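Peer 1: My questions concern the predicted model and sequence given below.
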Amino acid sequence: MDKRYFPDKIVKWYESNKRSLPWRDTRDPYKIWLSEIILQQTRVSQGLPYYLRFIEAYPTVRALAAAPEQEVLRLWQGLGYYTRARNLHKCAKAVVSLHNGEFPRTYETLLSLPGIGEYTAAAIASIAFKQAVAVVDGNVFRVLSRIFGIDTPINSPEGKKQFTALANELVPTAQPDAHNQAVMEFGALFCTPQNPQCDTCIFQKNCFAFSRKMQQALPVKLKLKASRKRYFYYIVLEHRNSLLMRKREQKDIWLGLFDFHLVEKNRPVKPEKILEEEAVKKMVGNDASITISKNYKHILTHQTIFSRFIIVKSDKKIKHVHQNHSFYSLPQIAALPKPVLVSRFLQEHYVL
DNA sequence: AAATCGGGGTA
DNA sequence: TACCCAGATTT
């Protein structure tokens, strides 16, 4: 493929094939920034409802900056990568306090803000402020790799350099915003990871991969390590209309979110066995009735979590409560940010 | 340079 | 099951 013809051709394709999305009808850097943070490692279909809820709850960056962090996390519940939500909030505060409530207009300054890395800085700078800097995301890696025939692994430092250099060589000064979005949209709709639409592709005659039937072989990605298994046993202590919950504070998964007292094992154990552990016995006492839930399987990228919930009902006041634990009424629990797994369990067993 | 972070979709 | 998704941050 001749690099000279690529930008014009793909932008033309974009103009007649792009999806209509709310953050494309605006030049408000706040909305563009919000959409980019939500869409990090997240498909448009999954992120769209969250975007709409955030814009409704916080129409401006000042409104978002003024909100409590827990409220932001609660709105983010179910999206995953919760550091994004905390950085979103931190970034809003930084924009208000350091930049007088207005987003900085250059790649370099945007990059200095929390949660804004190379991709997001390039996206905001080009889309909101028309700076000619290329975005490099999973779509860009894939499209450039296939069309131009680059087999450097995309998750290697050399690959990242090489693809970034090529992308910046291609991005036009005239309309960097349309160009960047065109490449990504093309990757999302046509040049997909599996079963790309090569038979109706405008680049068919110019595509390195198609001419050699290498669509499946490109891009090259080095293998990641295998995932591990974790076995979670949650003690759901029920006292009248309250449940004992705790905020996760350890440096581990779901930091800052609420769940139940957790006993983790590296292999399956009978749930009854968990109740014999010292810490659990202290909390539960002897006169309790026990219900054990079904097994929930939760597949994440680098781990699979098998969870069971052990519901313990007791009329006695619980004395030995662990650190960070306290009782919450059901309406209170509804407002707490929770991992999806815990959220699902609560919906099945309680009316929040 | 490698590890970590979630949840959902797809084949 | 394995891989991917408009990646960023920490170690």
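Peer 2: Thanks, I have the structure now. Since we're looking at a predicted model, the values are computed, not measured.

Peer 1: Quick check: the residue of the stretch 1-150 of chain A nearest DNA strand B.
Peer 2: residue A:80 (2.8 Å; C-beta to the nearest atom of the strand). To be clear about C-beta, it is placed using only N, CA and C from the backbone, and glycine gets the same treatment.

Peer 1: quick one: that residue is in a helix?
Peer 2: No - assessed with DSSP: H, G, I helix; E, B strand; the rest coil, residue A:80 is coil; it does not lie in a helix.

Peer 1: Could you count how many residues lie near it?
Peer 2: 17 (other C-beta atoms under 10 Å).

Peer 1: swap in residue A:14?
Peer 2: Neighbours of residue A:14 (other C-beta under 10 Å): 20.

Peer 1: do the same with residue A:313
Peer 2: Neighbour tally, residue A:313, other C-beta under 10 Å: 14.

Peer 1: same question, residue A:268
Peer 2: Counted with other C-beta under 10 Å, residue A:268 comes out at 12.

Peer 1: The nearest residue to residue A:350 once chain neighbours are set aside: what's it in contact with?
Peer 2: Nearest non-adjacent residue to residue A:350, counting by C-beta to C-beta, 6 or more residues apart in numbering: residue A:330, 5.9 Å away. Neighbour list for residue A:330: A:241, A:242, A:243, A:350, A:351, A:352 [criterion: C-beta atoms under 8 Å, 6 or more residues apart in numbering].

Peer 1: which two of those residues lie the greatest distance from each other?
Peer 2: A:242 and A:351 (14.0 Å; C-beta to C-beta).

Peer 1: Those two: which is more packed in?
Peer 2: residue A:242 (16 against 7).

Peer 1: Tally up the residues packed near the residue nearest to that one when sequence neighbours are not counted, please.
Peer 2: The spatial neighbour of residue A:242 that comes closest, neighbours along the chain excluded (C-beta to C-beta, 6+ apart), is residue A:327 at 4.1 Å. When counting by other C-beta under 10 Å, one arrives at 18 neighbours for residue A:327.

Peer 1: again with residue A:339
Peer 2: Burial of residue A:339 is recorded as 21 neighbouring residues (other C-beta under 10 Å).

Peer 1: got a list of what the residue of the stretch 1-150 of chain A closest to DNA strand B touches?
Peer 2: A:42, A:340.

Peer 1: Next up, the contacts around the residue nearest to residue A:242.
Peer 2: A:239, A:242, A:243, A:244, A:245, A:318.

Peer 1: give me phi/psi at the second one?
Peer 2: When you say that, I think you mean residue A:242. Main-chain torsions, residue A:242, degrees, to the nearest 10: phi -120, psi 150.

Peer 1: One more: the fifth one?
Peer 2: According to degrees, to the nearest 10, the main-chain angles of residue A:245 amount to phi -130, psi 160.

Peer 1: That one: what's it in contact with?
Peer 2: Counting by C-beta under 8 Å, 6+ apart, residue A:245 has contacts A:258, A:259, A:260, A:325, A:326, A:327, A:328, A:333, A:336.

Peer 1: Tell me which two in the residues you listed are the farthest apart.
Peer 2: Farthest pair in these, by C-beta to C-beta: A:259 and A:327, 14.3 Å.

Peer 1: if we can go back for a sec, just the contacts of residue A:245: which are in strands?
Peer 2: A:258, A:259, A:325, A:326, A:327, A:328 (DSSP state E).

Peer 1: Can you report phi and psi for the residue of the stretch 101-250 of chain A at minimum distance from DNA strand B?
Peer 2: Across the stretch 101-250 of chain A, the shortest distance to DNA strand B (C-beta to the nearest atom of the strand) belongs to residue A:157, at 3.3 Å. Per-residue torsions, residue A:157: phi -60, psi -40 (degrees, to the nearest 10).

Peer 1: how far away is it from residue A:31?
Peer 2: For residue A:157, the distance to residue A:31 equals 33 Å [C-beta to C-beta, to the nearest Å].

Peer 1: Just want to know which of these two has more residues nearby.
Peer 2: residue A:31 (21 against 9).

Peer 1: in terms of contact, does that one touch residue A:23 like I think?
Peer 2: Yes - shown here, residue A:31 and residue A:23 form a contact pair, counting by C-beta atoms under 8 Å, at 5.3 Å.

Peer 1: Report the contact partners of residue A:34.
Peer 2: Counted by C-beta under 8 Å, 6+ apart, residue A:34 has contacts A:23, A:51, A:54, A:55, A:88.

Peer 1: Oh, that last question was meant for residue A:197, not what I typed.
Peer 2: A:189, A:190, A:191.

Peer 1: who touches residue A:302 in this structure?
Peer 2: Counted by C-beta under 8 Å, 6+ apart, residue A:302 has contacts A:224, A:225, A:227, A:228.

Peer 1: show me the contacts for the last one.
Peer 2: For residue A:228, the contacting residues are A:302, A:303, A:304, taking C-beta under 8 Å, 6+ apart as the criterion.

Peer 1: swap in the third one?
Peer 2: Applying C-beta under 8 Å, 6+ apart, one finds that residue A:227 lies in contact with A:300, A:301, A:302, A:303, A:304.

Peer 1: what do you get for the second one?
Peer 2: For residue A:225, the contact set (C-beta under 8 Å, 6+ apart) comprises residue A:302.
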